[in-house]
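Student: Predicted model, plus sequence, below.
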Amino acid sequence: MRRLIPAAVLVVAAGCLAADALAVTVAIDVGHSAETPGAISARGEGEFFFNSRLASEIEQALQARALSTRLGIYLDKSPSLIERSERAKGADLLLSIHHDSVQPQYLTEWSHNGQSYRYSDLFRGFSLFVSRDNVDPAGSLRCASAVGSELVRAGFTPSLYHAEPIQGEGRPFADEPNGVHYFDPLVVLRTAHSAALLLEAGVIVHREEETALSKESTRKSIAQAVGAGVASCLPAAGRR
């Protein structure tokens, strides 16, 4: 099932907001694209559409805190990870927005509205990733921990799943209580020109969590937590 992007997001996609040269700038990178939507949720919706809606809320939350934003959202073919980090050049922070799945061995088939989809109700919650190979690893970790702390304060729970010692996972903790993992070789983080973090906002193959993440109220709560964390982690000295 492929859903349309809300009109508000399409407007942003057509012309990204110009960054205020006097303000701290956050580049918001929306994972995947409409053409290559990423993970498929338990009810058949592409990850990109979850990412787009949440990114729009996060942008509003950041702007409400007097932060300048540059939103990267792609309706056609997804650019490479290096291209994404290049397009964020000049920002004080790169924030990559995603929604999570699980490894294939944890997925089970079920039927919804006459269609067969894959799901797993074993894992739920958010995860954050940083790279020690980033140009500013300390700043990346500081911001990821701040965002994770605000998400926990808002009632969200880290998944912790990505630290499991299984193929495709085994991401060591950088800050376990706040759900932050090291993912050193991840290209969009490693090649960023500023501090950078990747947020997996929740597990969309978990049926109950998918339903929650589809609600505007949940997106607004996540966005407010992200906005508070980002605003607290960017030092005043970095404001241009």
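Tutor: Arrived safely, thanks for sending.
Student: distance between the ends of stretch 156-172?
Tutor: 21 Å (Cα to Cα, to the nearest Å).
Student: next one: stretch 103-116
Tutor: Terminal residues of stretch 103-116 are spaced 18 Å apart (Cα to Cα).
Student: Outside of it itself, list whatever touches it.
Tutor: Here stretch 103-116 makes contact (Cβ atoms under 8 Å, 6 or more residues apart in numbering) with 1, 42-44, 117-120, 122-123, 166-169, 205. Heads up, the C-betas are built off the backbone N, CA and C, glycines and all.
Student: what about 6 Å?
Tutor: Defining contact as Cβ atoms under 6 Å, 6 or more residues apart in numbering, one finds that stretch 103-116 is touched by 43, 118, 119, 120, 122, 168.
Student: now those residues: which count as buried?
Tutor: 43, 118, 119, 120 (16 or more other Cβ atoms under 10 Å).
Student: Helices - which of these land there?
Tutor: Counting by DSSP state H, the buried ones among the contacts of stretch 103-116 place none of their members in helices.
Student: who's the spatially most central residue of the chain bridged to?
Tutor: The residue lying closest to the centre of the chain (Cα atoms, centre = their mean) is residue 97, at 2.1 Å. For residue 97, the beta-bridge partners are residue 30, residue 199 (DSSP bridges).
Student: Contacts only, for it.
Tutor: Contacts of residue 97 by Cβ under 6 Å, 6+ apart are 30, 31, 51, 54, 55, 199.
Student: now swap in residue 117 and tell me
Tutor: Applying Cβ under 6 Å, 6+ apart, the residues near residue 117 are 42, 44.
Student: Report pLDDT for it.
Tutor: Confidence at residue 117, expressed as pLDDT, is 97.
Student: didn't residue 191 look like it was pressed against residue 82?
Tutor: Yes: Residue 191 is in contact with residue 82 according to Cβ atoms under 6 Å; the separation is 5.4 Å.
Student: of these two, who's got more company?
Tutor: Taking other Cβ atoms under 10 Å, residue 191 and residue 82 do not tie; residue 191 has more neighbours (21 against 13).
Student: Please enumerate the strands of the chain.
Tutor: Along the chain, counting by DSSP state E, strands occupy 25-30, 68-72, 93-100, 108-112, 115-119, 127-130, 173-175, 180-182, 195-203.
Student: which residues of this structure score low on pLDDT?
Tutor: Low-confidence segments of the chain (pLDDT under 70): 1-22, 236-240.
Student: Quick one: the helices in it, in order.
Tutor: Using DSSP H, helices in the chain cover 7-14, 47-64, 81-87, 137-153, 187-190, 207-213, 216-233.
Student: which of those helices is buried the deepest?
Tutor: Among these, helix 47-64 has the highest mean neighbour count (mean count of other Cβ atoms under 10 Å), at a mean of 24.
Student: the inter-axis angle of that helix versus strand 93-100?
Tutor: Interaxial angle of helix 47-64 relative to strand 93-100 (axes from the mean of the first three to the mean of the last three Cα atoms, to 10 degrees): 140 degrees.
Student: ok now helix 47-64, how far from the chain's centre?
Tutor: The chain centroid and the centroid of helix 47-64 are separated by 9 Å under Cα atoms, centre = their mean, to the nearest Å.
Student: Ok, stretch 71-89 next?
Tutor: 14 Å.
Student: so who does residue 91 touch?
Tutor: 25, 27, 194.
Student: Columns distance to residue 106 and neighbour count on top of the residues you listed, output as JSON lines?
Tutor: Converted to JSON lines, these look like this (distance: Cβ to Cβ, whole Å; neighbours: other Cβ atoms under 10 Å):
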{"residue": "25", "distance to residue 106": "38", "neighbour count": "23"}
{"residue": "27", "distance to residue 106": "32", "neighbour count": "27"}
{"residue": "194", "distance to residue 106": "34", "neighbour count": "21"}
